[in-house]
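Trainee: model the structure of this input:
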Amino acid sequence: MPEYQELELAKAADIVIRELLKVKKGENVLITQDTEGDWKVAEATLRAAQAVDAKVAVIWHSAPPGVGKVADPYLPEPLKKAIPNCDIWVEFNREWLLYSTPWDEAMATNRIRYLCLVGMNAPMMVRCIGKVNFDILGKFERKITEMTQKAKKMKVTTPAGTNIAFENDPKRPVDYELTADTPGAHFLAGQIGWAPIEETISGTIVFDGSFSGGASAQLGILCEPITLEVKKGKIIAVKGGSEAKVVKRWLESFKDPNMYNMAHICYGFNPGAKLTGVCLEDERVWGSTEWGIGDQDPTTKGKAGRASSHADGICLNSSVWLDGVQVMDEGKLIPREHAKLAHELGKQ
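Mentor: I've put the predicted structure just below:
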């Protein structure tokens with residue numbers, strides 16, 4: 001029996017293999033999926049990879065009780081061996097292996113093309129990949145990236161109460177996500193991220209979208225805001241209701257001071273993304289900003305360093321100032337050329 005959006009999913013998987021990863025005949029493609037994920041996306045991508053004569057395998061395994069290095073002790077040895085020994089790795093795991101030891105080993109090869117699609121499900125893949133105009137999105141992301149790269153001082157506010165300021169280091173990369181055809185880590189298109197100068201990050205961050213921190217702090221869409229008080233790049237207080245208490249206990253459980261580091265900030269700009277409680281999609285909701293906590297990807301060239309795990313929180317309807325000039329107002333782009341491209345992508 002045909003399934004809902006089966007043909008649209010096939011198209012999205014084909015885009016992943018042919019356009020984003022640019023898989024070539026004979027390349028070794030590894031697809032990983034855990035038991036909490038949507039098998040259909042792995043199967044569709046497997047078929048698309050086979051269609052271009054790649055050597056493709058799917059490793060399906062039980063979900064570990066956490067993400068990043070927390071997952072290390074629970075991963076099957078064949079999986080650990082396979083990850084750093086492929087040409088291309090597409091990760092669909094809900095309990096993601098990003099920042100795990102096998103991921104570190106894969107990235108250290110400087111050869112593997114890794115596409116992080118953690119928590120992806122079929123409707124999301126259709127919305128955020130299959131129906132996106134990547135040519136226009138690429139133009140839009142490049143303009144936002146160039147504008148941000150030039151800014152020394154930034155401020156971000158939201159209606160929920162975020163009011164955070166920081167400075168950027170022009171030597172650190174501001175990366176946008178689009179294609180995944182070069183060695184290294186790549187993510188779902190529609191996100192622009194970087195690591196600000198850690199000791200300059202001070203103020204209040206209010207997560208009012210969702211929060212994702214592994215099995216014990218996988219809160220999804222938030223019922224009430226979680227407020228972080230941040231001083232010199234470190235979380236000094238976590239405030240709010242019951243969900244804030246979950247986050248506070250989760251951070252304390254690691255007994256790792258680096259878990260209180262602000263690791264990165266990102267803009268969300270995928271025109272198909274909506275708030276669903278899945279981190280991969282939530283952090284690309286149009287006009288949002290996302291903050292990463294804990295483990296810091298070395299490719300950001302930041303100083304926060306590694307930590308026991310990682311979490312991401314979403315601030316909706318963000319307003320942004322670059323060197324004192326407002327460029328975004330509650331999620332809407334102000335500069336005319338940026339607003340025009342946003343309109344072409346179906347956003348205001």
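
Trainee: what segments of the stretch 151-300 of the chain are strands?
Mentor: In the stretch 151-300 of the chain, the segments counted as strands under DSSP state E, counting those that start in this stretch are 153-157, 163-167, 175-176, 184-187, 191-194, 202-207, 210-212, 218-221, 226-231, 234-240, 262-268, 288-294.

Trainee: and E43, which of those is closest to it?
Mentor: strand 184-187 (21.5 Å; Cβ to Cβ). C-beta: built from backbone N, CA, C; applies to glycine.

Trainee: what helices or strands is that closest one leaning on?
Mentor: For strand 184-187, the elements it packs on are strand 113-116, judged by 3 or more Cβ pairs under 8 Å, 6 or more residues apart in numbering; DSSP states H and E.

Trainee: the strand it packs on - contacts with which helices or strands?
Mentor: strand 88-91, helix 101-108, strand 184-187.

Trainee: tell me which of the strands of the stretch 151-300 of the chain sits nearest to A106.
Mentor: strand 184-187 (8.8 Å).

Trainee: about what we covered before: please identify the most buried of the helices and strands packed on strand 113-116.
Mentor: strand 88-91 (a mean of 26; mean count of other Cβ atoms under 10 Å).

Trainee: neighbouring contacts of it?
Mentor: 16, 21, 23, 27-32, 45, 54, 83, 97-98, 106, 112-118 (Cβ atoms under 8 Å, 6 or more residues apart in numbering).

Trainee: switch the cut-off to 6 Å
Mentor: The contact list for strand 88-91 (Cβ atoms under 6 Å, 6 or more residues apart in numbering) reads 21, 27, 29-32, 45, 112-116, 118.

Trainee: pull up the pairing partners for it, direction included.
Mentor: strand 28-34 (parallel), strand 113-116 (parallel) (DSSP bridges).

Trainee: so which of these comes closest to T145?
Mentor: strand 113-116 (18.7 Å).

Trainee: quick one: average pLDDT of that closest one?
Mentor: Taken as a whole, strand 113-116 has a mean pLDDT of 98.

Trainee: past it, which element shows up next along the chain?
Mentor: helix 122-125 (DSSP states H and E).

Trainee: quick one: that next one to chain centroid distance?
Mentor: Centre-to-centre, helix 122-125 and its host chain are 16 Å apart (Cα atoms, centre = their mean, to the nearest Å).

Trainee: mind splitting this structure into its structural domains?
Mentor: 6-129, 133-175+190-344 (automatic domain parsing).

Trainee: and those as a markdown table, adding distance to T182?
Mentor: As requested, the domains of the chain are arranged in a markdown table below (distance: least, Cβ to Cβ, whole Å):
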| stretch | distance to T182 |
| --- | --- |
| domain 6-129 | 7 |
| domain 133-175+190-344 | 12 |
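
Trainee: wait, which of the helices and strands packed on strand 113-116 is closest to M124?
Mentor: Per Cβ to Cβ, nearest to M124 of those: strand 184-187, 13.7 Å.
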